[in-house]
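1. Following is a predicted model, sequence given first.
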Protein chains: 2
Amino acid sequence: MSIFKETLSEYIAFTEEHLKKYSFCSGAVSAQENLIKAMNYSLEAGGKRIRPVLVYAFCKACGGDYRIASAPACGIEMIHTFSLIHDDLPSMDNDDFRRGKPSCHKAFDEATAILAGDALSVLPFEIIADDNTLTSEQKVKIISRLARAVGRDGMIGGQVIDMENETRNDVDEANLRNMYKHKTGELIAVSCMMGCICAGASDDMIDTAAEYGYRLGLAFQIIDDILDVTSTTEELGKPVGSDSEENKTTFVTLYGVEKAQEIAGQITGEAMNLLEKFGNDAFLRELTEMLLCRKN
Amino acid sequence: MSIFKETLSEYIAFTEEHLKKYSFCSGAVSAQENLIKAMNYSLEAGGKRIRPVLVYAFCKACGGDYRIASAPACGIEMIHTFSLIHDDLPSMDNDDFRRGKPSCHKAFDEATAILAGDALSVLPFEIIADDNTLTSEQKVKIISRLARAVGRDGMIGGQVIDMENETRNDVDEANLRNMYKHKTGELIAVSCMMGCICAGASDDMIDTAAEYGYRLGLAFQIIDDILDVTSTTEELGKPVGSDSEENKTTFVTLYGVEKAQEIAGQITGEAMNLLEKFGNDAFLRELTEMLLCRKN
């Protein structure tokens, strides 16, 4: 196994272990049992754990011990999971499946799914505030950045732009970039920022990490657009062609596959260049490449 | 006007002013406009602002300047508003009206209401973290307590117990007390605690404030049960008799109106006694009495 793959596995295993620690309830069987089951069902549904990996990788690239970043790393995965649960709801994207498994409101019910998402939206703030290695100043900085990245001016704002775009036929590149920046970029950017904050990095480093994150998030989303037309349902773990079925404007509908790939490549190049400030960290470079070449 | 009423008005006006400051977006008209409208629609729908008033009152009773507590005070009102928006959703309580106005998902749509609630659930953590008068230690303590009070072991857990109880016909007093403690008590208790933390009070004072809050929350909820059968729709601002229509177990169905009033009175007495530790603060005593004698 390459050093990259070993490190990646280590980060993912560390995430899984701590997600369990933070999210499982040690208490006796209670009436909240069903809520906790729903939260864990969605948390355990897997995914690539890209956001925690970015937290750890930036912490390490700034000279920190990545293990001090477990609370924000698991916190961002909880936020991501909360957004997927609510996104899948009948009144939102109405998706019955997520990563090949019934989505939360199908495995449980709609009310439980709403509440499981709600609980996952606040738990990160509790575990970050209760962490016993970070300083109060670090926690406050992390919480401020995280809450803003999630809220009306962040991911949730992006979901609203996405919904509004579905009613429009004049969505252009600027709109699409803005929507992706909010819907995907903010959580990716704050993951990178939180890793830097855990390592005690300077504001300048934190800002550069955010710039990298926005680019990675945008490239990631454009690749999603491409995979929706070039991948197979089996590879992707979800139906392909759903964008065109829903008449969504994407980088592919605007520019075609080839040009979209070119744009994604260019943005990834910009992200790579920003890694200079982090000594061209080998793990981050390889991770960036991996995310660009992914098949799902 | 009595000193009590003057102070109460001052607290409420201060809350309204700061809710505007924290929640209104100064940015240009954006695609998130609709989200912000929905958030403000529900925030402005009024209510008694009891939770912010408790934050201020406990801050003052502990010798603090209440104005330093504006971020947690407005934060708790946002959390309360988020819970009402999600509670009213079709898959939850399915209420089309709230305080005589169409509920958020009726005035807007279901997806917007879910997202407006989501945004209101994280904004408090942002405004508390960004506050520029509280120390980092105070902010971390407040955020830890607040997130726990909201989450799976707090208010959201209480909503799950409430939902589960609707499918049961063996709900007893212990269950009902536990449900009310979570669903209502936790937010009330944390309001009192946050006021103490803002004033730099001891852990012992904070704990006593929480004990007061749990009792006030429980008495408050029992009085809700009573008003549901003794009030008029006009006085209450919502249909009376909805509990019995929904076959809900309440303190009134368990014990009748008179006994329920007695229990509420007894719990209020316990709450009053706990105020000794706060020098029998006149404002808090009068507030406690007011909440027990309310008609809506």
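-> Now that the structure is in, tell me what you want to look at.
2. Can you give the distance from stretch A:3-23 to the centre of its chain?
-> With C-alpha atoms, centre = their mean, to the nearest Å as the basis, stretch A:3-23 stands 15 Å off its chain's centre.
3. which residues touch the closest residue to A:Tyr41 other than its chain neighbours?
-> Residue nearest to A:Tyr41 in three dimensions, not counting chain neighbours: A:Ala107, with 5.8 Å by C-beta to C-beta, 6 or more residues apart in numbering or on different chains. (Each C-beta comes from the backbone N, C-alpha and C, glycine too.) Residues in contact with A:Ala107 (C-beta atoms under 8 Å, 6 or more residues apart in numbering or on different chains) are A:Ala38, A:Tyr41, A:Lys101.
4. what does the strand or helix carrying the first one rub up against?
-> If I follow you right, that is A:Ala38. Applying DSSP states H and E as the criterion places A:Ala38 in helix A:33-44. Helix A:33-44 is contacted from outside by A:19, A:23-25, A:77-78, A:81, A:84-85, A:98, A:104, A:107-108, A:112-113, A:115-116, A:119-120, B:152, B:156-157, B:160, B:164, using C-beta under 8 Å, 6+ apart.
5. Just the ones of those residues in helices?
-> Under the assignment DSSP state H, these contribute A:19, A:23, A:77-78, A:81, A:84-85, A:104, A:107, A:112-113, A:115-116, A:119-120, B:156-157, B:160, B:164 to helices.
6. Could you show which parts of the stretch 151-296 of chain A are in contact with chain B?
-> A:Gly151, A:Arg152, A:Asp153, A:Ile156, A:Gly157, A:Gln159, A:Val160, A:Ile161, A:Met163, A:Glu164, A:Asn178, A:Met179 (C-beta under 8 Å from any C-beta of the partner chain).
7. helix or strand for A:Val252, which one?
-> Counting by DSSP H and E, A:Val252 is found in helix A:251-274.
8. sorry, that was for A:Leu134
-> Applying DSSP H and E, one finds A:Leu134 in no helix or strand.
9. quick one: contacts for it?
-> A:Ile68, A:Ala71, A:Ile128, A:Ile142, A:Cys198.
10. show me what contacts the last one?
-> This means A:Cys198. Contacts of A:Cys198 by C-beta under 8 Å, 6+ apart are A:Val55, A:Cys59, A:Gly64, A:Ile68, A:Ala69, A:Pro72, A:Leu134, A:Gln138, A:Ile142.
11. From A:Cys59, how far off is A:Ala13?
-> 16 Å (C-beta to C-beta, to the nearest Å).
12. again, but for A:Val160
-> 32 Å.
13. Likewise for A:Met290?
-> Distance, A:Met290 to A:Cys59, by C-beta to C-beta: 19 Å.
14. more crowded one of these two?
-> A:Cys59 (26 against 14; other C-beta atoms under 10 Å in any protein chain shown).
15. Could I get the pLDDT score of that one?
-> Looking at A:Cys59, its pLDDT reads 97.
16. quick one, phi/psi of it?
-> Torsion angles at A:Cys59 (phi, psi; degrees, to the nearest 10) stand at phi -60, psi -50.
17. Tell me who's in contact with it.
-> So A:Cys59 contacts A:Asp65, A:Tyr66, A:Ile68, A:Ala69, A:Gly195, A:Cys196, A:Cys198, A:Ala199 (C-beta under 8 Å, 6+ apart).
18. Go again with 6 Å.
-> A:Tyr66, A:Ala69, A:Gly195, A:Cys198, A:Ala199 (C-beta atoms under 6 Å, 6 or more residues apart in numbering or on different chains).
19. isn't the first one right up against A:Tyr56?
-> Yes. With contact defined as C-beta atoms under 6 Å, A:Tyr66 and A:Tyr56 form a contacting pair (4.0 Å).
20. about what we covered before: and the contacts of helix A:33-44, which of them are buried?
-> A:19, A:23, A:25, A:77-78, A:81, A:84-85, A:98, A:104, A:107-108, A:112-113, A:115-116, A:119-120, B:152, B:156-157, B:160, B:164 (16 or more other C-beta atoms under 10 Å in any protein chain shown).
21. Now tabulate the contacts of A:Ala107 in CSV and tack on neighbour count and pLDDT.
-> CSV is the format used below for the contacts of A:Ala107 (neighbours: other C-beta atoms under 10 Å in any protein chain shown; pLDDT from 0 to 100):
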residue, neighbour count, pLDDT
A:Ala38, 26, 95
A:Tyr41, 20, 94
A:Lys101, 15, 92
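22. Quick one: residues contacting the closest residue to A:Asp131 other than its chain neighbours.
-> Once flanking residues are discounted, A:Asp131 sits nearest to A:Ala71: 4.1 Å by C-beta to C-beta, 6+ apart. A:Ala71 makes contact with A:Ile127, A:Ile128, A:Asp131, according to C-beta under 6 Å, 6+ apart.
23. Tabulate those residues (CSV), appending neighbour count, secondary structure and pLDDT.
-> Formatted as CSV, these follow (neighbours: other C-beta atoms under 10 Å in any protein chain shown; DSSP: H, G, I helix; E, B strand; the rest coil; pLDDT from 0 to 100):
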residue, neighbour count, secondary structure, pLDDT
A:Ile127, 20, helix, 97
A:Ile128, 26, helix, 98
A:Asp131, 22, coil, 97
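24. Export those as CSV, with columns for distance to B:Gln261.
-> Formatted as CSV, the contacts of A:Ala71 follow (distance: C-beta to C-beta, whole Å):
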residue, distance to B:Gln261
A:Ile127, 42
A:Ile128, 44
A:Asp131, 46
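25. End to end on stretch A:105-114, go ahead and measure it.
-> Start-to-end span of stretch A:105-114 (C-alpha to C-alpha, to the nearest Å) is 8 Å.
26. ok, and the closest non-adjacent residue to A:Thr249?
-> A:Val171 is the one closest to A:Thr249 (C-beta to C-beta, 6+ apart), at 3.9 Å.
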